[in-house]
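Novice: Test case, fold it:
(2 chains)
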Amino acid sequence: MTAEVQDDRSGSGRRVGGTAIVFGDNVNTDVIIPGRYLVSIDPAELAEHAFEPLGLELQQRLRASDVVVAGRNFGCGSAREQASTCLIGAGISAVIAASFSRVFFRNAINTGLVAVESPEAVAAIEDGAQVWVDYEVGVVEVGDQRFPFAPYPESLAAILESGGLIEQLIQQTKAASEERR
Amino acid sequence: MKTFAQKALERASGQADLVPGQIVDAFPDLYMSHTASWRCIKTLERMGVEELYDVDRIAMVMDHISPAQTAKTAAHHSLSREFAARMGITKFYDVNAGIAHVVLMERGHIRPGELIIGTDSHSTIYGALGAFGTGVGFSEITAAWVTGKLWMKVPESIRVEIDGPLPRGTYGKDVMLKLIGDLTADGATYCSVEFAGSYVEGLSISERMTLCNLAMEMGSKNAVVPPDEVTSQYLEEAGVQRDEYEPLLPDPGAEYRQVERVDGATLSPQVAIPHMVDNVVPVEQVAGTKLDQVFIGSCANAKYEDLVIAAEVLAGHRVAPGVRLIVTPASSRVMARAASEGIVSTLLEAGALITNPGCGACAGDGGAMADGEVTLSTANRNFQGRMGSYESKIYLSSPATAAASAIRGVISNPQDLIA
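Specialist: Numbering: from 1, shown residues only, chains lettered A, B, ... in the order given. Okay, the predicted model is just below:
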């Protein structure tokens, strides 16, 4: 990750992005993280096997990327949450797809991975391009092009903001116990 | 005028007049976690919480890897076992029970109208008993253990009307493969699928399970067959009396995003070809494809009825030389009945390898393939690398097609082997 990317991130907590890696339609969970590796829930360990069926060259490009861009039905198949956390472990901060499988979308939000549906943006993004997502405003930036999308409902944005569903609950529990004190 | 999904989520959220697209907090009746339970327990430990919302709503079934393969998976099982005992979780089923979905339905833990969440995408299967079943990640199950709730978007609905009867040698699996092929792998994404039509009326719960299970493969959030007398009888056998549940039926005139009609009479055996479930062709188109392995198993098609169909085809025949036929009954009850009714001996005499109940080869637990090998499976997924080598291939079919193909060693139409 470049220093420039770091600087940009410090600008807004709800803006993420960087170098894009582009996939096609119907990327399924068995390809994202094969079932044999579900014996782990450690993002770094899982990241070593992310997209293993597609070969080492692609895996290396994934680790050098910040944003996964895909066609329709990204994450179709299993409910395995590791399909999202393996991407987080690989340094991915957002997935932009033409559409998502519903359970992948849930898992992404719940694990703190930004997931945005924008077929228009996907059509405009080339492999290796610089792509930014501001999910507070609801816009994908590709070069000087801007692709608006409907911002998340506040309840979902709050989960993302906390870093995921469990982190949110931990923070809420902590706040409640401090209040009692 | 409401769909099933509207009614079920109104019940689970306590809110009236829900409309598609609305996000609500829903309180599920049951939280199922399978072999993934250890992930939930580890997550709960990280949260530092001990107090749970309602232990009686937790169900755990050790099905995906059973029995343990390694010290690591053994430790995962052990963690779940100890947690269940410590927390007083009575709906804990160990490695001997079978596939979570089938076990929970057989044992009377799933009732019409209920909202069931599970750490498994095929949780849509609970619609076979008129429940709203949907898959979630393990973090959400953990959160539900603590808070009792999760956020849910009220889905739009698709009505699928299937006219029967089906031709000889075709089954619910063929209906679903054809439908998935036509609507594609994301044709029902985010939607509730309601089955109807003359084929569905009076259909066995086993076949209803296959319909609702496979509906996930077109992206659906849940799927349902409206409960009827068949449902009530199944539930009675599972120990659930008629006054213990309130069925939710869609209103006539409810609003659907689309209505699909399937003409059952013109159906032929179908096969999904590698590596997507919506790559579907009539069996003739791939007949003759050489097989190394045939797998009759999974929550889609390893119930008692499925094993009976396979045994009827295999009776008096032998599995082709060089082909491995692996049969993994869905549950211990299925296996016990298959044994007492002579189904197990028929399968063994034909040369089948019968494994312990569970997810087995469908979840990559045994039955792995080497580079270049081909399996015909009765499961619900044929993704690349799901059963061993990334260079192997999985085709999907009904148990009848799988059994006929095992005899011939190549993908075959079963219709001439069925009386």
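Novice: Going by C-alpha atoms from here, please, whenever you check contacts or count neighbours.
Specialist: Fine.
Novice: Could you report the neighbour count for A:Ser40?
Specialist: 13 (other CA atoms under 10 Å in any protein chain shown).
Novice: And it, which helix or strand is it part of?
Specialist: If you go by DSSP states H and E, A:Ser40 is not part of any helix or strand.
Novice: I figured B:Cys191 was touching B:Ile158, is that so?
Specialist: Yes: between B:Cys191 and B:Ile158 there is a contact under CA atoms under 8 Å: 6.7 Å.
Novice: Show me which of these two is the more surrounded one.
Specialist: B:Cys191 (26 against 22).
Novice: Now do the buried residues in the helix of greatest length in chain A.
Specialist: Identified as the longest helix of chain A according to DSSP state H is helix A:165-180. Within helix A:165-180, the residues that count as buried by 16 or more other CA atoms under 10 Å in any protein chain shown are A:165-170.
Novice: and that helix, what does it pack onto?
Specialist: Here helix A:165-180 touches helix A:102-111, helix A:154-162, helix B:37-47, helix B:138-147, going by 3 or more CA pairs under 8 Å, 6 or more residues apart in numbering or on different chains; DSSP states H and E.
Novice: distance between the helix or strand following the third one and the chain's centre?
Specialist: In other words, helix B:37-47. Downstream of helix B:37-47, the next assigned helix or strand under DSSP H and E is strand B:58-61. A distance of 16 Å separates the centroid of the chain from that of strand B:58-61, by CA atoms, centre = their mean, to the nearest Å.
Novice: again, but for stretch B:322-331
Specialist: On CA atoms, centre = their mean, the centre of stretch B:322-331 falls 17 Å from the chain's centre.
Novice: Then stretch B:113-126?
Specialist: Distance, centroid of stretch B:113-126 to centroid of chain: 10 Å (CA atoms, centre = their mean).
Novice: and chain A, which of its residues are near chain B?
Specialist: By CA under 8 Å from any CA of the partner chain, the residues of chain A that approach chain B are A:26, A:28, A:30-31, A:34-36, A:39, A:41, A:53, A:72-73, A:76-81, A:101-103, A:106-107, A:110-111, A:165-166, A:169-170.
Novice: change it to 7 Å
Specialist: For chain A, the residues in contact with chain B (CA under 7 Å from any CA of the partner chain) are A:30-31, A:34-35, A:53, A:73, A:78-81, A:101-103, A:107, A:166, A:170.
Novice: Of all pairs in these, which one spans the longest distance?
Specialist: A:Pro53 and A:Ile170 (35.4 Å; CA to CA).
Novice: Report the helix or strand with the lowest average pLDDT across chain A.
Specialist: None of the helices or strands of chain A scores lower by mean pLDDT, DSSP states H and E than helix A:3-11, at a mean of 39.
Novice: Residue ranges in the stretch 51-200 of chain B under the pLDDT threshold?
Specialist: Nowhere does the stretch 51-200 of chain B drop to pLDDT under 70.
Novice: what are the ranges of the strands in it?
Specialist: Under the criterion DSSP state E, counting those that start in this stretch, the stretch 51-200 of chain B carries strands at the ranges B:58-61, B:91-93, B:115-118, B:132-135, B:150-153, B:157-163, B:192-196.
Novice: out of these, nearest to chain A?
Specialist: Among the strands of the stretch 51-200 of chain B, the nearest to chain A by CA to the nearest CA is strand B:132-135 (6.0 Å).
Novice: Check which helices and strands that closest one is in contact with.
Specialist: Where contact means 3 or more CA pairs under 7 Å, 6 or more residues apart in numbering or on different chains; DSSP states H and E, strand B:132-135 is packed against strand B:115-118, strand B:222-224.
Novice: returning to what we had before: which one of the buried residues of helix A:165-180 is nearest chain B?
Specialist: For the buried residues of helix A:165-180, the nearest to chain B is A:Ile170 (5.6 Å; CA to the nearest CA).
Novice: So for B:Tyr304, which of the helices and strands packed on strand B:132-135 sits nearest?
Specialist: Closest among those, using CA to CA: strand B:222-224, at 20.9 Å.
Novice: contacts for the helix or strand following the closest one?
Specialist: As assigned by DSSP H and E, the chain's next helix or strand after strand B:222-224 is helix B:229-237. Helix B:229-237 is contacted by residues B:108, B:129, B:202, B:204-205, B:241-242 when judged by CA atoms under 7 Å, 6 or more residues apart in numbering or on different chains.
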